[in-house]
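show me the folded form of this:
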Amino acid sequence: MTLHATESDEASARRKYQYQGPEVQKLFVETRFGWTTQSVGGQTDDQKSGFRGEFFNLRLDARLYKGLSFSWRQRLNLSNDRNFWQATDWMVLNYAPNAKWTFSGGKQIVAIGGYEYDRPPIDIYGNNSEYWNHIGCYQFGVSASYNFTQDDRLMVQFCNSPFRTNIGSNNTYGFSLFWAGKHGMWETLWSVNAFQCTRDRWMNYIALGNKFNFMPNRLWLELDYVNRASSGQTFLFDDCSVIAEMSGCPHSTLRIFAKYTYDVNDTNTDADVYVTSGTEMNSVSGGVEYKPFKKYPDILRLHATAGYHWGVNTNPQGAMKDDHLLINVGAKMNFDILRGLRWALKK
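Now for the predicted structure:
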């Protein structure tokens, strides 16, 4: 479940209000593991290096009744000191009375624009923007979306603020207006957002995610710009992130990519607790993904990536550091439980 509706999602939405009885549509577990190494200033970080498992997710999608559906994703690998709901990415009930409208409630993805933000964490290899590493993108709330056309969807959302864990208050909220569009070679994931930082202070985002399909499914560029402002700082490009990723697929089973990120905060205020004042970080990375089974591409994916960060990060809990090298080699596996049961029953 991502904010970006795919063609299959569009078709699914049109069928939601055609009652066909209760049905489990997806049930699978996915995991990623491999070998990684990280070093800062030439010194290897032994705690973050070596062979390790990185994700273990369970996902369930079901149609419950005419126009009513349910979606849930749980991270089973998170440590025991985190409660059940913190390890729940989403658990949301959707009601689509027709092909145009969808109303949702529960824990869901906060409607912020951008393609790096939209991609599932299991599909990102650690070479991410500093902003991405901190934003709390799953919160309880309600939303409504409307399909103006087959290629344009507008969503409004009211939810808990992603900043609530930083300030220790659950009684803080966020408002989002989100647009997903597709027009020729250009696709969009745009949003404007207002999130409470404290009772009387707000952080405002303009997040512009753009995808340019130069050769559909062969060559494309994802270009994100996220601008942040609050009281004491305005939309003057002093607090922002830029993310660019170019992907090429010389074969349907192979993806080669290169990525650049830039995070800066030159505001001299304490409003942004993620990319803190005085930060200016860069990163470059690249890698390759290979899916050996063309007929069943989601079953297994092999990857090898490397990235390098440099600059100044004033956040004591910052993920990116100066002279920071990351290498990741491994595999993602997806076991479709429903497909396995159908195969077993046929036997």
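
would you mark the buried spots in stretch 138-153?
Using 16 or more other C-beta atoms under 10 Å as the test for burial, stretch 138-153 gives 138-141, 143, 145, 147, 151, 153. Heads up, the C-betas are built off the backbone N, CA and C, glycines and all.

mind putting those into a markdown table with distance to residue 107?
Listed next are the buried residues of stretch 138-153 as a markdown table, based on distance: C-beta to C-beta, whole Å:
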| residue | distance to residue 107 |
| --- | --- |
| 138 | 6 |
| 139 | 7 |
| 140 | 5 |
| 141 | 8 |
| 143 | 12 |
| 145 | 17 |
| 147 | 23 |
| 151 | 28 |
| 153 | 20 |
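
show me which pair in those is furthest apart.
Using C-beta to C-beta, the pair of these lying farthest apart is 140 and 151, separated by 29.7 Å.

and the helices in the stretch 1-150 of the chain?
Along the stretch 1-150 of the chain, counting by DSSP state H, counting those that start in this stretch, helices occupy 7-15, 115-118.

about what we covered before: let's see which of the buried residues of stretch 138-153 end up in strands.
138-141, 143, 145, 147, 153 (DSSP state E).

pLDDT added to the residues you listed, as a markdown table?
Shown next, in a markdown table, are these (pLDDT from 0 to 100):
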| residue | pLDDT |
| --- | --- |
| 138 | 94 |
| 139 | 94 |
| 140 | 95 |
| 141 | 97 |
| 143 | 98 |
| 145 | 97 |
| 147 | 96 |
| 153 | 97 |
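
about what we covered before: from the buried residues of stretch 138-153, pick the one nearest residue 269.
Nearest member of the buried residues of stretch 138-153 to residue 269, counting by C-beta to C-beta, is residue 139, at 24.3 Å.

distance of the closest residue to residue 53 other than its chain neighbours from residue 303?
What sits nearest to residue 53 in space, not counting adjacent residues and going by C-beta to C-beta, 6 or more residues apart in numbering, is residue 33, at 4.3 Å. Relative to residue 303, residue 33 is positioned 11 Å away (C-beta to C-beta, to the nearest Å).

between the two, what contacts are shared?
Here residue 33 and residue 303 have 330-331 as joint contacts, going by C-beta atoms under 8 Å, 6 or more residues apart in numbering.

ok, the two, which is more surrounded?
Ranked by neighbour count (other C-beta atoms under 10 Å), residue 33 and residue 303 place residue 303 first, with 19 against 15.

contacts only, for the closest residue to residue 336 other than its chain neighbours.
Leaving aside its chain neighbours, residue 336 sits nearest to residue 28 (4.6 Å; criterion: C-beta to C-beta, 6+ apart). Residue 28 makes contact with 58-59, 334-338, according to C-beta under 8 Å, 6+ apart.

make it 6 Å
Counting by C-beta atoms under 6 Å, 6 or more residues apart in numbering, residue 28 touches 59, 334, 336-337.

how about residue 77?
residue 56.

and residue 198, how close does it get to residue 98?
Distance from residue 198 to residue 98, counting by C-beta to C-beta: 40 Å.

quick check, residue 34 in contact with residue 330.
Yes. Counting by C-beta atoms under 6 Å, residue 34 touches residue 330, with 1.7 Å between them.

next one: phi and psi at residue 42?
Phi and psi for residue 42, reported as degrees, to the nearest 10, are phi 80, psi 0.

separation between it and residue 28?
41 Å.

in a strand, residue 342, correct?
No. With DSSP: H, G, I helix; E, B strand; the rest coil as the criterion, residue 342 is located in helix rather than a strand.

which ones are touching the nearest residue to residue 45 once chain neighbours are set aside?
Leaving aside its chain neighbours, residue 45 sits nearest to residue 38 (4.5 Å; criterion: C-beta to C-beta, 6+ apart). Residue 38 is in contact with 45, 48-49, 326, counting by C-beta under 6 Å, 6+ apart.

let's see if you can find the most crowded of these.
Neighbour max across the contacts of residue 38 (other C-beta under 10 Å) = residue 326, 23 neighbours.

what is the neighbour count of the nearest residue to residue 148 once chain neighbours are set aside?
Nearest residue to residue 148 in three dimensions, chain neighbours excluded: residue 154, at 6.5 Å (C-beta to C-beta, 6+ apart). A total of 14 residues lie near residue 154 under the criterion other C-beta under 10 Å.

show me what residue 154 is bridged to.
residue 146, residue 179 (DSSP bridges).

so it touches residue 144, yeah?
No. Using C-beta under 6 Å, residue 154 is not in contact with residue 144; the gap is 9.2 Å.

where does the stretch 1-150 of the chain dip in pLDDT?
1-2, 4-21, 79-82 (pLDDT under 70).

and with 90 instead?
1-25, 54, 65-66, 76-87, 126-127, 136-137 (pLDDT under 90).

mind listing what residue 91 touches?
72, 106-107.

ok, of these, which come out buried?
Neighbour-count burial (16+ other C-beta under 10 Å) is assigned, among these, to 72, 106-107.

quick one, strands of the stretch 101-250 of the chain?
101-109, 138-149, 152-160, 173-183, 186-198, 201-215, 219-230, 239-251 (DSSP state E, counting those that start in this stretch).

so for residue 291, which of those sits nearest?
Using C-beta to C-beta, the nearest of those to residue 291 is strand 239-251, at 9.6 Å.

what are the buried residues along that closest one?
By neighbour count with 16+ other C-beta under 10 Å, strand 239-251 contains the buried residues 239-247, 249.
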